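In: Predicted model follows, preceded by the sequence.
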Amino acid sequence: MLSLTSRNAFTLPCAHTRHVQSRTGRLHVVSLRKGIVVEAKPPKEGKLDLRVRIDADVTGKAYDEALRELGRSVELPGQRKRKGGKATPLPKGMIISLVGKKKINRFVVDGLITESVCDYAAENNLQVPSDLSAAGVVEDIEGVRTSFVAGEDLEFEASTSVRAVE
């Protein structure tokens, strides 16, 4: 089901779309995968402006995956190793207290931002700078990081330089 937004662009409900595109005169709306919707203005002078909305399911899964990843990499002195020399995964609460909620949120938000911008660029045959970082793409990165709550929608505006891939 499509709905008309105030900008005269069709938006697509995230739960039902995958690689669906709708073009209007001024905006290009894309659902990169279930749960991520990107609105983009056509690139001007090599600059791409995006508005990205990531659903609560995606942010929750990304947060859980980050905790699992950190749980595998964090080692405690005296912690017993499993076979193969790997550390036993730590419980989520312990990871949060050791690493800190702010650092985990930063890790998750930065990953979601760079992933969504790079995915959009790849889908539309655009090349982004190789040193792309969340801080260089989002103007108010600290505001996005501090307002992030796992399991809630994440919205941000991004801008980066691009060139067409031939």
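Out: Right, received. Where do you want to start? Nothing here was measured: the structure is a model prediction, and the numbers come from that model.

In: what residues are up against the residue nearest the centre of the chain?
Out: Central residue of the chain (CA atoms, centre = their mean): residue 112, 1.8 Å from the mean position. By CB atoms under 8 Å, 6 or more residues apart in numbering, residue 112 lies in contact with 54, 58-59, 62, 154. No exception for glycine: its C-beta is placed from N, CA and C like everyone else's.

In: Could you pull out the helices in the chain for me?
Out: For the chain, the helices defined by DSSP state H cover 56-73, 92-99, 101-123, 134-137, 141-147.

In: and of the ones you listed, who's closest to residue 163?
Out: helix 101-123 (9.8 Å; CB to CB).

In: Check which residues of the closest one are buried.
Out: Neighbour counts over helix 101-123 (16 or more other CB atoms under 10 Å) mark 104-110, 112-118, 120-121 as buried.

In: repeat for stretch 146-159
Out: 148, 150, 154, 156, 158.

In: now stretch 39-51
Out: 39-40, 43, 48, 50-51.

In: just stretch 65-76 next, same as before
Out: Within stretch 65-76, the residues that count as buried by 16+ other CB under 10 Å are 66-67, 70-71.

In: one step back: identify, from the buried residues of stretch 39-51, the entry nearest to residue 164.
Out: Nearest to residue 164 among those, with distances taken as CB to CB, is residue 43, at 8.2 Å.

In: Was I right to think the closest one contacts residue 128?
Out: No. Residue 43 lies out of contact with residue 128 (CB atoms under 8 Å); the separation is 11.0 Å.
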